[in-house]
Structures are given as C-alpha cells and as structure tokens.
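> predicted structure and sequence below. I'll ask about it afterward.
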Amino acid sequence: MKRVKLYCLFLFFLSIVNITKSQFYNGLQMDFGKNRVQYENNYWQYFRFQKFDTYFYVGGKELAAYTGEFASKKIPDLENLFDYKLDSRIIFII
C-alpha cells in the first residue's frame, strides 16, 4: 500500500513538472516569422486621387506616385472592359 501511494505521489509530481514547463513559451525570443504580430508604429501617408487612395510610409513615396499614375490610366480601361463603374474608392497599400 505504501508503494502505491509513493507511486501515485511520483506521478503527481511528474505531471506538475510537465504543466509548469509548458507555461514558459519561448515565442517572444523568436525572430519574426509567419503569422507573427509586429508591434511597430509606422507613419502612414497617402495620396488621394479621384477614385482611389495610395497609402505608403517612409521610402514608398515614389512607388506610390507611380502606382497612382498607372492606376489613373488603367482604371477607366478596366471599367470599360467590364462595363462597370466603381461605386467606392479603391485603396492601394504600398
């Protein structure tokens, strides 16, 4: 009987060790990866056009301007192709 109690006590302590070990998550020390949340504040700016907006942050101003020029030319072509006029604004994120 004493051995059974000792065995049960041993299993109990063994299960507690596994539970306490699982409480410590190593994810905060990991590098950025897939589905990892980034906590970084970016200063977003945007260009507003007639039918769309292009949002960008530091270093993306030239690409946002190019996207605006390209979209200004192509959106009317696509509206004619599909015979559909856009009801709301399109948002491009650069």
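Happy to help now that I have it. Numbers count the residues shown, from 1 in each chain.

> and the pLDDT for residue 27?
Residue 27 carries a pLDDT value of 56.

> then residue 13?
69.

> look up the closest residue to residue 79, ignoring the ones flanking it.
Distance criterion CB to CB, 6 or more residues apart in numbering; nearest residue to residue 79, sequence neighbours excluded, is residue 85 at 5.7 Å. Using the backbone N, CA and C atoms, a C-beta is placed for each residue, glycine as well.

> state the phi and psi torsions of the one you found.
Phi and psi for residue 85, reported as degrees, to the nearest 10, are phi -100, psi 140.

> for it, give its distance to residue 78.
From residue 85 across to residue 78, the span is 11 Å (CB to CB, to the nearest Å).

> what's the answer for residue 88, then?
15 Å.

> more neighbours: the two, which one.
residue 78 (11 against 7; other CB atoms under 10 Å).

> is the more buried one in a helix, a strand, or coil?
helix (DSSP: H, G, I helix; E, B strand; the rest coil).

> assign residue 54 to helix, strand or coil.
Note that with three-state DSSP, the state of residue 54 is strand.
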